[in-house]
Structures are given as structure tokens and as C-alpha cells.
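# Sequence below, structure please.
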Amino acid sequence: MLRNSIQIPVTQVRVGMYVAELDRSWRDTPFLLQGFRIADDDEIETLKKTCAQVTIDPTHSAPGSYEHLSDLHVVTKKFEALAWLQRLRSRFGKFEEASSEIAKEREAAGLIPKNVVPNLYGDMKPIEAEIKHAEEVYQSTDATLELITRQVADGEKVNLDRLGEAVENMVESAIANPDALLWVARIRAEDAATYAHGVKVAIYLLQLGRHLGFPPEQLANLGAIGLLLDLGKIKVDRDLLLKQGKLTSSEFMRVKMHVELGLKTLDESGNVASDVREGIAQHHERLDGSGYPNGLAGPMISIYGRMAAVADSFAALTSMRPYAPPLPAYDALKVLYAQVGTHYHAPLVEQFVQAIGVFPAGSLVELTSGEVATVLAHNRVRRLEPRVLVLTDTEKKSIHEPLPLDLLLQPKAADGSDIKIVRGLPTGAYGLDLRQFYFK
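Next up, the predicted model:
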């Protein structure tokens with residue numbers, strides 16, 4: 001059977017599916033082409049008279065032509081992943097540069113505050129030129145967050161000036177090249193001793209805000225929200241935060257207090273921008289009113305609260321937690337999509353995917369060639385065809401010299417087919433340590 005294909009009963013064939021193989025020789029059928037996309041119901045009826053089973057290739061099938069298969073439990077987990085990726089390709093295959101019309105649409109959809117005039121951003125540097133600066137920014141921000149953590153633990157006021165300097169540096173790097181900070185955060189995530197959840201959330205918020213066109217001063221507010229939204233957890237019993245089993249009702253109530261504890265700490269430290277305070281206060285609120293601390297719903301939740309909810313949840317899903325291992329970014333986005341309209345603002349989730357990519361910089365991915373690669377940087381023209389660094393051969397064995405590959409240029413596999421990403425992989429898959437391949 002062909003790679004990334006699956007055999008299904010002919011009764012489940014639909015218009016738009018690409019038939020790659022039959023259960024008999026092509027010479028014994030009325031079909032002239034060895035491999036074709038189903039064009040109409042007549043071709044389906046001919047197939048039913050000819051075959052019992054066919055092999056479908058989702059990478060050449062029309063988006064949506066195979067969605068019914070997962071409901072019938074006739075596809076493998078890998079095929080389900082391919083189907084979802086195809087649906088994303090149909091939606092996010094091309095990157096649209098911001099324009100005044102797009103800005104108006106985003107404002108109307110509640111994606112940009114009415115008092116914000118959106119900026120148009122382009123990459124000022126390639127990732128290779130920004131990576132060293134991004135590393136310095138990350139380390140400095142991590143150190144600042146560690147200092148703030150100690151200050152809160154000791155009952156001191158938060159050094160807001162130091163925080164402001166760290167955020168300004170993050171904004172500068174994010175504007176220069178948004179993938180660089182993402183790459184550094186992804187690599188540093190493998191070293192738990194130097195990694196902070198808040199830094200990761202801040203980077204995701206900066207990515208989203210930059211993509212939407214937020215000007216630098218608003219980007220700074222987003223960065224501050226990310227760094228500070230879990231500040232109150234410092235005052236929560238650490239045993240509760242590290243508990244592996246399910247929290248009791250009373251334990252959960254104590255954990256939920258971290259929002260109010262964090263806001264109180266900030267209020268005692270000095271003036272905090274209203275947008276920052278709002279984002280922190282609402283990052284656990286949900287559209288259907290099921291969140292906390294105030295059970296806000298729908299338009300009662302500000303754009304900053306909705307953005308923080310998406311970035312915080314994604315960061316948590318892709319990080320090691322006491323009760324669950326990290327998900328690949330690809331699977332974490334599927335979780336967010338499953339909860340749009342109830343927990344998360346659907347337009348924001350879609351914009352978030354466009355901002356960071358289905359496979360963010362630093363993600364491990366498997367290619368249709370069978371090789372494993374890590375994403376280096378996104379192509380702004382097609383977000384699902386990034387630049388990657390191939391790390392293994394087709395048998396998943398590490399290669400001596402990693403191979404850079406730009407999927408936008410449609411490189412070919414040994415069988416002549418286009419090389420694409422087939423799925424995301426978890427951290428450490430096939431024993432790969434991304435720190436070995438860090439930019440020099």
C-alpha cells in the first residue's frame with residue numbers, strides 16, 4: 001500500500017476522493033488512468049460494480065471528501081490526522097498580507113480594539129540573523145520572571161520597571177522576526193530548569209498580536225499579560241499545583257484563587273495598564289460562561305481576555321503537566337478547535353493558527369517521505385509549507401548532516417511525489433534532542 005494511504009470499502013467512496021489503487025489490476029477495469037480523483041456519482045457506481053475495496057490517498061483528495069470516514073471508524077489515527085491537515089490546508093493554505101479591508105473585517109469581528117490603528121508588519125530579518133538576539137532576549141526575560149517570582153514569594157512589590165524593559169525587548173525581537181523567539185522557547189522548553197510558562201504565553205500572545213496588526217505599545221501589553229497571568233500561583237500551595245490526580249472541589253477553589261491573588265499583588269506594586277489587568281483577570285473566562293473567577297460570557301470578555309485564554313491554553317497543552325504529557329502543537333490546536341464557540345472565540349483561534357502556524361517553529365514533524373524534520377521558519381506565502389531541517393532518514397535514524405528543505409519549493413521524494421508535512425510529533429520523538437541542532 002502507498003505511504004499515507006488507506007484501504008476502504010467501495011461503499012464509503014465519495015466524490016472528490018483520490019483513488020490510488022484498486023483491489024485488482026487496472027487492466028481488468030474500465031478505468032483508463034491508474035490513479036484518479038472521483039468526479040461524479042457515475043464513477044462511484046462503476047467502482048461499486050468493479051471492486052470491493054479501493055485505496056484512497058488523502059493528500060491528493062479534495063478537502064472534506066473523507067470527513068465521514070472518522071465517524072464510521074474505518075480510518076486509522078494517522079489518516080484522521082491527514083484529513084484534519086487537509087481541511088486546514090484548504091483554509092490556511094495562503095497567507096494574506098494585512099490591508100485596510102482586512103483590518104476593518106478584523107475590527108468588525110472583535111479581533112482588534114476600536115481604539116487601535118493596526119500596523120503592517122513584515123520580517124525585518126531572517127531567522128538566522130535574529131536567533132542570537134532572540135536567545136539573549138529569552139534569557140533576560142526568564143531571569144526577570146525569576147526575579148519577580150522571588151519578589152512575590154518574599155512579599156515584596158513587583159519590579160514593574162524591570163518587567164517593562166523585558167517586554168520591550170521581546171516586542172523588538174518579535175517584530176524583527178516572530179519565528180526566532182518561538183524557536184528559542186521551543187528549544188529551551190526541553191530544559192525544564194530554565195523554562196517558564198509565562199515566557200511561552202507571552203511569546204504566543206506577541207505572535208498573535210503581531211499577526212493581527214497590534215501596534216508596539218499594545219504588543220507590550222500583550223507580552224506583560226503573558227508574563228504575569230500566573231503570578232498568583234506563587235501564593236498557592238505548591239502541592240496542589242503539582243498534584244497528579246484530580247483536584248477535589250475545595251482544592252480547585254483554592255487553585256482558582258490565583259487570579260485574584262495575582263491581581264492583588266500587581267495592584268500593590270503600582271500602576272498597571274488597564275488592558276494588562278483585564279487580560280490577566282479574564283484569562284480563565286470562557287465564552288459560554290463556564291470559566292472563572294467571574295463566569296463572564298461572550299462579549300463580556302475583552303479581546304485581551306480572549307487572546308490570553310487561547311495562548312495560555314495552548315502553552316499548557318504543549319507543556320509537561322503533572323497530570324498529562326505535552327501534546328504536539330498539531331494535536332493541541334485540534335483541542336482548541338474542538339472547543340471554539342464554547343470556550344474560545346472561533347475567529348481568534350483561526351488567527352492564532354495563522355500566526356504561529358499549524359506546526360510552530362521548533363516543532364518536530366514527519367514528512368510524507370517518512371523522514372523526520374524540525375520546523376525552522378514559516379513561509380509567509382503558505383503557512384503549511386514552512387522551511388524545515390530534515391533530521392532523520394526514512395527509517396527514522398538520525399542523519400550525520402541535517403538537511404535544510406523549503407517545502408514551498410515543492411521538493412520531491414524518491415518516488416517523485418511532493419514532500420509535505422503529514423503530522424506533528426511529540427517532544428523527543430525517535431530519541432531526537434533538538435538542542436543538538438541549535439542554530440550556530
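# Please count neighbours and contacts with C-alpha atoms only from this point.
Will do.
# Would you enumerate the residues in contact with the closest residue to residue 145 other than its chain neighbours?
Leaving aside its sequence neighbours, residue 145 sits nearest to residue 227 (CA to CA, 6 or more residues apart in numbering; 7.2 Å). By CA atoms under 8 Å, 6 or more residues apart in numbering, the contact list for residue 227 reads 145, 198-199, 201-202.
# Now for these: which two are most distant?
145 and 201 (12.5 Å; CA to CA).
# Which one's more surrounded, these two?
residue 201 (28 against 21; other CA atoms under 10 Å).
# OK, contacts around the more buried one?
Residue 201 neighbours (CA under 8 Å, 6+ apart): 226-227, 308, 311-312, 315.
# Next, the buried residues of the helix or strand encompassing residue 347.
Residue 347 belongs to helix 346-356 when elements are defined using DSSP states H and E. With burial defined by 16 or more other CA atoms under 10 Å, the residues of helix 346-356 counted as buried are 346, 348-356.
# quick one on the thing from earlier: ok, the residue nearest to residue 145 to residue 39 distance?
Between residue 227 and residue 39 the distance is 52 Å, computed by CA to CA, to the nearest Å.
# if we can go back for a sec, pLDDT, secondary structure and distance to residue 390 added to the contacts of residue 227, as CSV?
Below are the contacts of residue 227 laid out as CSV (pLDDT from 0 to 100; DSSP: H, G, I helix; E, B strand; the rest coil; distance: CA to CA, whole Å):
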residue, pLDDT, secondary structure, distance to residue 390
145, 90, helix, 34
198, 90, helix, 30
199, 91, helix, 28
201, 94, helix, 28
202, 95, helix, 29
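# Looking at the nearest residue to residue 131 once chain neighbours are set aside now. What's its pLDDT?
Sequence neighbours aside, residue 180 is the residue nearest to residue 131 in space, at 5.2 Å (criterion: CA to CA, 6+ apart). Looking at residue 180, its pLDDT stands at 90.
# Please apply the same query to the one 3 residues further on.
Looking at residue 183, its pLDDT reads 86.
# Give me the phi and psi angles of it.
phi -60, psi -50 (degrees, to the nearest 10).
# Is there a neighbour count for it? I'd like the number.
Residue 183: 25 neighbours (other CA under 10 Å).
# Going by residue numbers, what spans are helices in the stretch 51-200 of the chain?
67-71, 77-92, 100-108, 127-153, 160-176, 178-188, 197-212 (DSSP state H, counting those that start in this stretch).
# Can you spell out which helices and strands pack onto the fifth one?
Counting contacts by 3 or more CA pairs under 8 Å, 6 or more residues apart in numbering; DSSP states H and E, helix 160-176 packs against helix 127-153, helix 178-188, helix 197-212, helix 216-228.
# make it 7 Å
Secondary-structure packing of helix 160-176 (3 or more CA pairs under 7 Å, 6 or more residues apart in numbering; DSSP states H and E): helix 127-153, helix 216-228.
# how far off helix 197-212 does the last one point, in degrees?
This means helix 216-228. 150 degrees (axes from the mean of the first three to the mean of the last three CA atoms, to 10 degrees).
# picking that back up, most packed of the helices and strands packed on helix 160-176?
helix 216-228 (a mean of 25; mean count of other CA atoms under 10 Å).
# what is the rounded mean pLDDT of that one?
Rounded mean pLDDT across helix 216-228 is 95.
# pull the CA atoms of it into PDB?
Provided in PDB are the C-alpha atoms of helix 216-228 (Å, rounded to 0.1, in the frame of the first residue of the first chain):
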ATOM      1  CA  PRO A 216       4.100  48.100  19.500                       C
ATOM      2  CA  GLU A 217       2.500  49.700  22.600                       C
ATOM      3  CA  GLN A 218      -0.400  47.100  22.500                       C
ATOM      4  CA  LEU A 219       2.100  44.300  21.800                       C
ATOM      5  CA  ALA A 220       3.900  45.300  25.000                       C
ATOM      6  CA  ASN A 221       0.700  45.000  27.000                       C
ATOM      7  CA  LEU A 222       0.200  41.500  25.500                       C
ATOM      8  CA  GLY A 223       3.700  40.500  26.500                       C
ATOM      9  CA  ALA A 224       3.100  41.700  30.000                       C
ATOM     10  CA  ILE A 225      -0.200  39.800  30.300                       C
ATOM     11  CA  GLY A 226       1.600  36.600  29.300                       C
ATOM     12  CA  LEU A 227       4.400  37.100  31.800                       C
ATOM     13  CA  LEU A 228       2.100  38.000  34.700                       C
END
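# which of the residues in the next helix or strand after it are buried?
Scanning forward in sequence from helix 216-228 by DSSP H and E, the next helix or strand is helix 238-241. Residues of helix 238-241 classed as buried: residue 241 (neighbour count, 16+ other CA under 10 Å).
# pLDDT (mean, whole number) over helix 238-241?
83.
# next SSE after that helix?
Downstream of helix 238-241, the first helix or strand assigned by DSSP H and E is helix 249-256.
# Can you list the neighbours in contact with that next one?
Identification of contacts with helix 249-256 by CA atoms under 7 Å, 6 or more residues apart in numbering yields 236, 293.
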